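Trainee: sequence unknown, structure follows:
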């Protein structure tokens, strides 16, 4: 519920920002209100936001975006009305955004870009530097405090991920990520793929026409495009695992903040269509209805994921008396909607406190796309050795254990052969009190007899 409230407030802030930006543009009153309302509602209904809003770990992105957008709204208001207290409030909100999540580190560059936009053509660069330098100083202060507290400047997934620069991939992501930030995940749905391709083509074609016909508004369009591009920089080098997937919602929390500028640009283009008001309104409403339909479909995956999580916990009661419990597989996500990820042991402590969570060993996780998917297990000739096989066409095994190096070999078992669809499991010791289970066809199944 908290995430939903923050998300709704973020959509409101985007509407306010659009209204403040539109205040100084040569637009009719209808166009200004269309720019404001369409931008906010596009952000509100974007189906790519389900991970940030539905997953509790996505809250940091939602909260950081809230502070960032609030800060930017106060800053634009300051530029419109020249009230110093608005700049002070904006600065405090920016520091709060930094403390929420590092995804807002691009913000001083955004302020510098907006100063250039307001002062273009600017003959003296010093004229646009004072305010960006204020935000730059706050960023430097945050980094100093961060280093003192954490002992490092780079946290998150570590330097191996965040400093893994592949120039071609970064350029490609800077172009694609802002666009897909408000589109539905592709899955294998022909409707989602068709809609995404059409939307991309229409945006490109209409943008070209816009730059030719609306020269007086070209600066605003360029500002919004570059804003979307620089907002994606903190996530531009992330690859799948732990990055952003195109085929489902995994990792799309990294696009939550950039999507605000994509929504502003899309709303701006809609508001500048020069034709009958009813046609523009109908076009906008149709677009929002399509987004809402995809949003509803994407949210259903999270509802199903929650039911799977509840089902697994309720099935655990049959293993209360086990000496050690080995789970050959555990669903990690359903169509990209996370089920437990690394939080299964915490869920056991919370909902099944009578079970000794330290005796539960999850060997591998698997991505899941059908609630009725079956997992096969077959005994091999070697003692205490079996093969675990996925039957789903799209499903695959994945490694989400922490620490990672303990997944394939520890004091209880080895995994000498690992593939996406199957793996060999070899126990070093398996007693009569131990239990081996698989999650198959929607329930936990005791398959310990394979080692008897």
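Mentor: Good, I have the coordinates. Note that this is a predicted model, so its numbers are computed, not measured.
Trainee: Show the pLDDT at residue 156.
Mentor: Note for residue 156: predicted pLDDT of 60.
Trainee: got it, and residue 222?
Mentor: On the pLDDT scale, residue 222 gets 91.
Trainee: Assign a three-state SS to it, would you?
Mentor: What DSSP: H, G, I helix; E, B strand; the rest coil gives for residue 222 is helix.
Trainee: in the stretch 151-300 of the chain, which spans are helices?
Mentor: With DSSP state H, counting those that start in this stretch, the ranges of helices along the stretch 151-300 of the chain come out as 159-162, 167-180, 190-213, 218-231, 256-271, 277-315.
Trainee: any idea which helix or strand comes after the last one?
Mentor: Put plainly, it is helix 277-315. As assigned by DSSP states H and E, the chain's next helix or strand after helix 277-315 is strand 325-327.
Trainee: Residues in contact with that following strand: which ones?
Mentor: 319, 359-363, 412-413, 427, 434-439, 444 (Cβ atoms under 8 Å, 6 or more residues apart in numbering). Glycine gets a C-beta too; all of them are placed from N, C-alpha and C.
Trainee: same check, this time on stretch 301-319
Mentor: Everything outside stretch 301-319 that qualifies as a contact, by Cβ under 8 Å, 6+ apart, is 50, 54-55, 249, 325, 330-331, 333-340, 347-348, 351-352, 355, 368, 371, 435, 437, 439, 442-444, 446.
Trainee: Residue 378 is in contact with residue 424, isn't it?
Mentor: No: using Cβ atoms under 8 Å, residue 378 makes no contact with residue 424, being 10.2 Å away.
Trainee: re the thing from before, can you tell me which of the helices of the stretch 151-300 of the chain is nearest to residue 31?
Mentor: helix 256-271 (4.6 Å; Cβ to Cβ).
Trainee: list the buried ones in stretch 353-373?
Mentor: The neighbour-count check on stretch 353-373 (16 or more other Cβ atoms under 10 Å) flags 355, 360-369, 373 as buried.
Trainee: What average pLDDT does that stretch get?
Mentor: 82.
Trainee: Quick check: end-to-end length of that stretch?
Mentor: For stretch 353-373, the first-to-last residue distance is 29 Å (Cα to Cα, to the nearest Å).
Trainee: Roughly how far does the nearest residue to residue 394 once chain neighbours are set aside sit from residue 332?
Mentor: Nearest non-adjacent residue to residue 394, counting by Cβ to Cβ, 6 or more residues apart in numbering: residue 369, 4.7 Å away. Residue 369 sits 12 Å away from residue 332, going by Cβ to Cβ, to the nearest Å.
Trainee: about what we covered before: which members of the contacts of stretch 301-319 occur in helices, if any?
Mentor: Mapping the contacts of stretch 301-319 onto helices (DSSP state H) picks out 50, 54, 347-348, 351.
Trainee: Pick out the most distant pair among those.
Mentor: 50 and 348 (26.1 Å).
Trainee: For the closest residue in space to residue 177 that isn't next to it in sequence, give me phi and psi.
Mentor: Nearest residue to residue 177, sequence neighbours excluded (Cβ to Cβ, 6+ apart): residue 232, at 4.7 Å. When read as degrees, to the nearest 10, the backbone of residue 232 gives phi -90, psi -10.
Trainee: what about residue 232, how many neighbours?
Mentor: Using other Cβ atoms under 10 Å, residue 232 is surrounded by 28 other residues.
Trainee: quick one: contacts for it?
Mentor: 173-174, 177-178, 255, 258.
Trainee: Show me what the stretch of helix or strand residue 38 belongs to is packed against.
Mentor: Using DSSP H and E, residue 38 maps to helix 29-45. Here helix 29-45 touches helix 2-22, helix 256-271, helix 277-315, going by 3 or more Cβ pairs under 8 Å, 6 or more residues apart in numbering; DSSP states H and E.
Trainee: What are the buried residues along it?
Mentor: In helix 29-45, counting by 16+ other Cβ under 10 Å, buried: 31-45.
Trainee: still on that earlier bit, looking at the ones in helices among the contacts of stretch 301-319, which is nearest residue 192?
Mentor: Of all those, residue 192 sits closest to residue 50, with 13.3 Å by Cβ to Cβ.
Trainee: check contacts around that closest one.
Mentor: Per Cβ under 8 Å, 6+ apart, neighbours of residue 50: 249, 252, 295, 298-299, 301-302, 337.
Trainee: One more: residue 408?
Mentor: With Cβ under 8 Å, 6+ apart, residue 408 has these contacts: 414-415, 418.
Trainee: Mind checking which of the residues you listed are buried?
Mentor: residue 415.
Trainee: Which of the contacts of residue 408 lies at the shortest distance from residue 27?
Mentor: Once Cβ to Cβ is applied, the member of those that ends up nearest residue 27 is residue 418, at 58.4 Å.
Trainee: tally of neighbours for residue 256?
Mentor: 27.
Trainee: Can we start the residue count at 310 from this point?
Mentor: Yep, numbering from 310; the last one is residue 565 now.
Trainee: I figured it hits residue 367, correct?
Mentor: Yes: counting by Cβ under 8 Å, residue 565 does reach residue 367; the two are 7.4 Å apart.
Trainee: what do those two both touch?
Mentor: The contact sets of residue 565 and residue 367 overlap at residue 361 (Cβ under 8 Å, 6+ apart).
Trainee: got any ranges where this protein has weak pLDDT?
Mentor: 431-433, 460-475, 547-552, 629-631, 666-667, 709-716, 760-761 (pLDDT under 70).
Trainee: Let me see the contact set for the one residue sitting closest to the centre of the chain.
Mentor: In the chain, the residue lying closest to the centroid (Cα atoms, centre = their mean) is residue 562, at 1.5 Å. Under the criterion of Cβ under 8 Å, 6+ apart, the neighbours of residue 562 are 360-361, 364, 366-367, 370.
Trainee: and those residues, which are buried?
Mentor: 360-361, 364, 367, 370.
Trainee: The closest residue to residue 423 other than its chain neighbours: neighbouring residues, count only.
Mentor: Once flanking residues are discounted, residue 423 sits nearest to residue 532: 6.7 Å by Cβ to Cβ, 6+ apart. Residue 532 sits with 22 neighbouring residues when counted by other Cβ under 10 Å.
Trainee: who are the neighbours in contact with residue 532?
Mentor: 422-423, 426.
Trainee: ditto for residue 494
Mentor: 356-357, 501, 554-558, 561, 607, 645.
Trainee: Which member of the residues you listed is positioned nearest residue 408?
Mentor: Taking Cβ to Cβ as the measure, residue 408 lies nearest residue 561 of these, at 23.2 Å.
Trainee: before we move on, the earlier item: just checking, which of the buried residues of stretch 662-682 belong to strands?
Mentor: 669-671, 674-677 (DSSP state E).
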